[in-house]
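Sequence plus the predicted model coming up.
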Amino acid sequence: MEVLRRRVAVALTRPDTGSGALLRGITILAVLVSAGMAQAMSLEDIRDHLVNDEHWVVLICSCLFGLEFGLRLWAAPEIDENGQVDHEPGQRSTYLLSFIGVVDLLCWTPVILLPAIGTGDWLAVLQMIPLFKLGRYIPGLELVGTVLRNESRLLLATLSSLTVLVPVMSTLVYVCEHDAQPEVFRSIPHALWWGIVTMTTSGYGDMVPVTLPGRALAGLAMLVGIAMLAMPVGIIANGFANEVRRRELLANYRLVSSLPLFRDLDAHCIADIASLLRPQVMPARSAVLTRGEIASSMYFIIEGEVEVQVAAEPVLLGPGEFFGEGALIENRPRKATIRTRKTCRFLVLELTDFHALTERQPEILKRIRTVSDTRN
């Protein structure tokens, strides 16, 4: 039973496997069909033709979502969302209480609620909820959620400022405009709508101050609103940059730790190296290095294959190997031309970073020299 549960968990969390890709495709198709049907049923021209088929579509999609939810709940103790084995207790409750767990739970409720609510607006709302499931399969959506979660304290601070300023501005404009427009600014709660619309710079125009003090307050509210809305934009942009940088560093760390040259180094050394490397992708049959050029970097091969043109028969280098180190160590021009045989992905170490790294980590320089000497 545990073997079967592990296989199910791998299929649920590893879309690179055959079963995982199939399950992912079925789930995404069901999500799109569910959302598409909800939108189509809101069009009068289409509703009459689909009214008899909606029940079947809702039932089939809900049953698929219910099956997925049951499998995820059953497999939760076996493996986590990153595809790693995890036998920690409480994984089922952790999954159920998570945002995506609640979404998975709500996605199959139409099959239970359909007899009670029938086809209508509330069913359309339930059919749109599965769109949140796409966050599990689209990295960009997951990244947005991570950034918002990381920056939640700063975003909450700016939102709190707006919740204070909107009532204050609304009260002031009510005092200024109530006598001039008693039907428009009837009360402070009515003026709150004006405050929200003005300070978010939406400007519907349904409530417009006509007195001089009211217009002055409106202008001030607009300027303050623009400033307050600019703050979350900057916070989120900075959060995106930090999160992307963190993920790149983590990806570099994993790649560096898998390279034979650095495999047995401690975590501090690997992190130091990973922070200096930058990824680069080159198409097939491209010249990476040219004989006689000034050395400025060395390359670690992550994917692909290159040929070193130093003799009648070129030397082939594949994943895990590196090149370009000799010219950096000896401070001389390149002795060979190196071309990609297929599309290659590299990690590149620039000249200045190379010298800074080898000064801090002389063991790395020793290892690189050893490999370089065997090639010469």
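All right, it came through fine.

Could you list which residues are in contact with residue 355?
Taking C-beta atoms under 8 Å, 6 or more residues apart in numbering as the criterion, residue 355 is in contact with residue 328. Where you see a C-beta, it was placed from the backbone N, CA and C, and this is true even at glycine.

give me the element it is part of.
Following DSSP states H and E, the helix or strand that holds residue 355 is helix 351-360.

what element comes up after that helix heading to the C-terminus?
helix 362-375.

Quick one: list the elements packing against that next one.
helix 267-274, helix 325-330, helix 351-360 (3 or more C-beta pairs under 8 Å, 6 or more residues apart in numbering; DSSP states H and E).

Would you format these as TSV with distance to residue 93 and mean pLDDT included?
Below are the helices and strands packed on helix 362-375 laid out as TSV (distance: least, C-beta to C-beta, whole Å; pLDDT from 0 to 100):
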stretch	distance to residue 93	mean pLDDT
helix 267-274	32	85
helix 325-330	52	80
helix 351-360	45	86
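
can you redo those helices as CSV with distance to residue 309?
Converted to CSV, those look like this (distance: least, C-beta to C-beta, whole Å):
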stretch, distance to residue 309
helix 267-274, 28
helix 325-330, 15
helix 351-360, 22
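
So for residue 252, which of those helices sits nearest?
Nearest of the helices and strands packed on helix 362-375 to residue 252, taken as C-beta to C-beta: helix 267-274 at 3.9 Å.

what does the helix or strand that comes right after the closest one contact?
Per DSSP H and E, helix 267-274 leads on to strand 278-282 as the next helix or strand towards the C-terminus. Strand 278-282 is contacted by residues 248, 251-252, 288, 299, 302, 340, 343-348, 350 when judged by C-beta under 8 Å, 6+ apart.

let's see it at 10 Å
Identification of contacts with strand 278-282 by C-beta atoms under 10 Å, 6 or more residues apart in numbering yields 248, 251-252, 255, 288, 297, 299, 302-304, 306, 339-340, 342-350, 353.

Please, a ChimeraX command that selects the buried ones among the residues you listed?
The buried residues among the contacts of strand 278-282 can be selected in ChimeraX (16 or more other C-beta atoms under 10 Å) with this line:
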select :252,255,288,297,299,302,304,306,339,340,344,346,347,348,349,353
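
neighbours around residue 263, how many?
Here the number of neighbours of residue 263 (other C-beta atoms under 10 Å) works out to 11.

wait, it sits on residue 273?
No. Residue 263 is beyond contact range of residue 273, at 11.9 Å (criterion: C-beta atoms under 10 Å).

Need the residues touching each of these two.
Taking C-beta under 10 Å, 6+ apart as the contact rule, residue 263 and residue 273 both touch 256, 257.

first vs last residue of stretch 268-285, how far apart are they?
The straight-line separation of the ends of stretch 268-285 (C-alpha to C-alpha, to the nearest Å) is 36 Å.

So what's the gap between it and the chain middle?
The chain centre lies 21 Å from the centre of stretch 268-285; the measure is C-alpha atoms, centre = their mean, to the nearest Å.

And the helices in the stretch 101-250 of the chain?
If DSSP state H, counting those that start in this stretch is used as the criterion, the helices of the stretch 101-250 of the chain fall at 110-117, 121-128, 139-150, 152-177, 188-199, 212-258.

Flag every buried residue along the second one.
Of the residues in helix 121-128, those buried by neighbour count under the rule 16+ other C-beta under 10 Å are 123, 124, 126, 127.

quick one on the thing from earlier: okay, and which of the contacts of strand 278-282 map to strands?
Here DSSP state E is the test, and the contacts of strand 278-282 give 288, 297, 299, 302-303, 306, 339-340, 344-350 as lying in strands.

shaky segments in the stretch 51-200 of the chain?
Counting by pLDDT under 70, the stretch 51-200 of the chain shows low-confidence ranges at 51-54, 77-90, 114-121.
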